[in-house]
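Trainee: build me a model from this:
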Amino acid sequence: MDRWRVLLAEDEALIAQMTVDMLAELPLEVSVARDGPEALRQAQAIQPDLILLDAMMPGLDGFEVAQVLKADPATQDIPIIFMTARSRDEDKVRGLELGADDYLIKPIKREELLARVKNVLRRAEARRPAPAETSLMRGRLEMISLPNIIQALEAERRTGALRVRSGGRRGEILLVEGRIASAMEGPRQGEAAVYRMLTWEEGEFALEPASGTAPLEALVTKPNQSLLLEGVRRLDEVAALRQALAPLEGPIRMFPGFRRGLLHRALPREFHQLVDLCDGTRMLPQLVEASSLDEWETLSLLVRFLKLGMLEHGQTAKRGVPRLGIQVPVDFQALKAFTTGNSFDVSPRGVFVRTTQVLPVGHDILVRFTLPGVAHPFKVVGRVVWSSPTDTAEGYPAGMGIQFLDLSAEEQGNIERYVVDMLLDRALAGEPEQ
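Mentor: Predicted structure coming up:
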């Protein structure tokens, strides 16, 4: 069912329009009747899924309309919600005794109306018999969420293909005796497809007889409850991950050296596919949609890449080369003896020495350091291009930025390969940036 049919019986035009406006966010087709006799005619003609009934109307009041509807086999199962200013207990009891599903006192708050309508329609959906064609069960995600659907099918040990549609997106979950056996949604398969569909809050679903087999990549081994709990956890963290990626305003591009390095490593296909997508042709929403990973894992990896300086963004893009923080000593000297700092960031173009013993911008300086795991030490002349003896208000640490002046092309290549390999190792291990 694409939309629910609702009949609103209300003689006050302004109240009727306000009610229609409050219901606009639900997938409903609302018809309006201005008096009791018209409400009866429309109810019999369109067989609505729900009737919102004012108690005080011309011709026939709401109680009389309800009595006629409940006496007619053709309309007796249509749910009724009274909406009236009559607040006496005896009126409410009378309405409920006539078979109404709910009784609301005017003025009615929007949130309360939506909650009551959704609740009644949800109960009506559960009572609805299966269609005569192939569907074993169908409904709207606005009325019953996918986690609740999965839990209900597990409790009933149902077998079938649960097909879910939200906008232009489509997915399928195969259940065998209530357990999720496989899942597919767009480029995502297996658990990633399940996590993706759990984020859909609107759309429609249908349980169909199962047919065919799923590819190996789509198989799911986790228990349903574990999948649902993990899906909720991931959904809770997505907003924070998106906030961390907010600075990425343009197309997402990874430095070519990192892309080549990652694509040549023995990694899962989904990881390779995400790295391949970071080619500067997609904004964040398009990249998330195209990724074969679920949204949480895609965003988590992008945040890790961003923090490690692997994406061309901000100061990292301006440098144009990767830079790596290393927690080992570095010596530097001007005209006197070497001074030693405790750590530095290195790139093929220069180093940033983290120290409070700085030299003025423009000074030429001799820098000596050894990279962990590299046999030969580096000894190079550089020029101070930035310095500050204290941490700055912009968040830069105390230290000096030193540009290399006489580093050979071979040594530049050695440093770049070292930096790329080390950052890739950190990215894959999930280590924070230094």
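
Trainee: can I assume V374 is in contact with E411?
Mentor: No. Here V374 lies out of contact with E411, judged by CB atoms under 8 Å, at a distance of 10.5 Å. For glycine as for every other residue, the C-beta is placed from the backbone atoms N, C-alpha and C.

Trainee: L113 - nearest residue in space that isn't next to it in sequence?
Mentor: Of all residues beyond its chain neighbours, the one nearest L113 is M22 (5.5 Å), with distances taken as CB to CB, 6 or more residues apart in numbering.

Trainee: next, give phi and psi for the one you found.
Mentor: Torsion angles at M22 (phi, psi; degrees, to the nearest 10) stand at phi -60, psi -30.

Trainee: per-residue pLDDT, it?
Mentor: M22 is assigned a predicted lDDT (pLDDT) of 90.

Trainee: residues contacting it?
Mentor: Residues near M22 by CB atoms under 8 Å, 6 or more residues apart in numbering: R110, L113, L114.

Trainee: compare the residues you listed and tell me which is most surrounded.
Mentor: L113 (18 neighbours; other CB atoms under 10 Å).

Trainee: if we can go back for a sec, ok, V374 and E411, which is more surrounded?
Mentor: Shown here are V374 and E411; by other CB under 10 Å, E411 has more neighbours (15 against 12).

Trainee: burial count for the nearest residue to the more buried one once chain neighbours are set aside?
Mentor: Distances taken as CB to CB, 6+ apart put F378 closest to E411, at 6.7 Å, once the chain neighbours are dropped. Counted by other CB under 10 Å, the residues lying close to F378 total 18.

Trainee: E410 is in contact with F378, correct?
Mentor: No. Using CB under 8 Å, F378 is not in contact with E410; the gap is 11.6 Å.

Trainee: what helices and strands are in contact with the longest strand anywhere in the chain?
Mentor: In the chain, with assignment by DSSP state E, the single longest strand is strand 378-388. With contacts taken as 3 or more CB pairs under 8 Å, 6 or more residues apart in numbering; DSSP states H and E, strand 378-388 sits against strand 350-354, strand 364-369, strand 399-404, helix 409-429.

Trainee: and the contacts of M22 as CSV, adding secondary structure and pLDDT?
Mentor: Listed next are the contacts of M22 as CSV, based on DSSP: H, G, I helix; E, B strand; the rest coil; pLDDT from 0 to 100:
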residue, secondary structure, pLDDT
R110, helix, 89
L113, helix, 92
L114, helix, 91
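
Trainee: gap between E394 and R88?
Mentor: Distance, E394 to R88, by CB to CB, to the nearest Å: 68 Å.

Trainee: between the two, which one's more packed in?
Mentor: R88 (9 against 6).

Trainee: and the more buried one, how far from G95?
Mentor: R88 sits 11 Å away from G95, going by CB to CB.

Trainee: ditto for D21
Mentor: Noted for D21: a distance of 25 Å to G95, by CB to CB.

Trainee: show me which of these two is the more surrounded one.
Mentor: G95 (23 against 10).

Trainee: tell me, how many residues neighbour R170?
Mentor: Burial of R170 is recorded as 14 neighbouring residues (other CB under 10 Å).

Trainee: list the buried residues of stretch 24-35.
Mentor: For stretch 24-35, a neighbour-count test (16 or more other CB atoms under 10 Å) marks L26, P27, L28, V30, S31, V32, A33, R34, D35 as buried.

Trainee: tell me what the helix or strand harbouring the fifth one is packed against?
Mentor: Yep, that's S31 we're talking about. Taking DSSP states H and E as the criterion, S31 maps to strand 28-33. For strand 28-33, the elements it packs on are strand 4-9, helix 13-22, helix 36-46, judged by 3+ CB pairs under 8 Å, 6+ apart.

Trainee: so what touches the shortest one?
Mentor: Spelled out, that is strand 4-9. Counting by CB under 8 Å, 6+ apart, 16, 19-20, 23, 26-33, 35-36, 38-39, 42-43, 46-54, 57, 62, 65, 117, 121, 140 sit against strand 4-9.

Trainee: let's see that with 7 Å instead.
Mentor: With contact meaning CB atoms under 7 Å, 6 or more residues apart in numbering, strand 4-9 is reached by 16, 19-20, 27-33, 39, 42-43, 46, 48-54, 57, 62, 65, 121.

Trainee: now a PyMOL select for only the buried ones of these.
Mentor: Selection of buried members from the contacts of strand 4-9 for PyMOL, criterion 16+ other CB under 10 Å:
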select buried, resi 16+19+20+27+28+30+31+32+33+39+42+43+48+49+50+51+52+53+54+57+62+65+121
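
Trainee: on that earlier part again, separation between the residue nearest to E411 and L371?
Mentor: Counting by CB to CB, the gap from F378 to L371 is 7 Å.

Trainee: how about L227?
Mentor: Where L371 is concerned, L227 sits at a distance of 44 Å (CB to CB).

Trainee: picking up where we left off before, for the strand holding S31, what is the average pLDDT?
Mentor: pLDDT averaged over strand 28-33 gives 90.

Trainee: what angle sits between it and helix 13-22?
Mentor: Here strand 28-33 runs at an angle of 170 degrees relative to helix 13-22 (axes from the mean of the first three to the mean of the last three CA atoms, to 10 degrees).

Trainee: direction-wise, compare strand 28-33 with strand 4-9 and give the angle.
Mentor: 20 degrees.

Trainee: strand 28-33: partners in the sheet, and parallel or antiparallel?
Mentor: According to DSSP bridges, strand 28-33 forms sheet pairs with strand 4-9 (parallel).

Trainee: buried ones in the partner strand?
Mentor: Those would be W4, R5, V6, L7, L8, A9, for strand 4-9 by 16+ other CB under 10 Å.

Trainee: shaky segments in this structure?
Mentor: Applying pLDDT under 70 to the chain flags residues 1-2, 126-135, 211-213, 314-324, 333-337, 430-434.

Trainee: strands along the stretch 201-350 of the chain, start to end?
Mentor: 204-208, 324-326, 330-333, 339-341, 343-347, 350-354 (DSSP state E, counting those that start in this stretch).

Trainee: output the contacting helices and strands for the fourth one.
Mentor: Read it as strand 339-341. strand 330-333 (3 or more CB pairs under 7 Å, 6 or more residues apart in numbering; DSSP states H and E).
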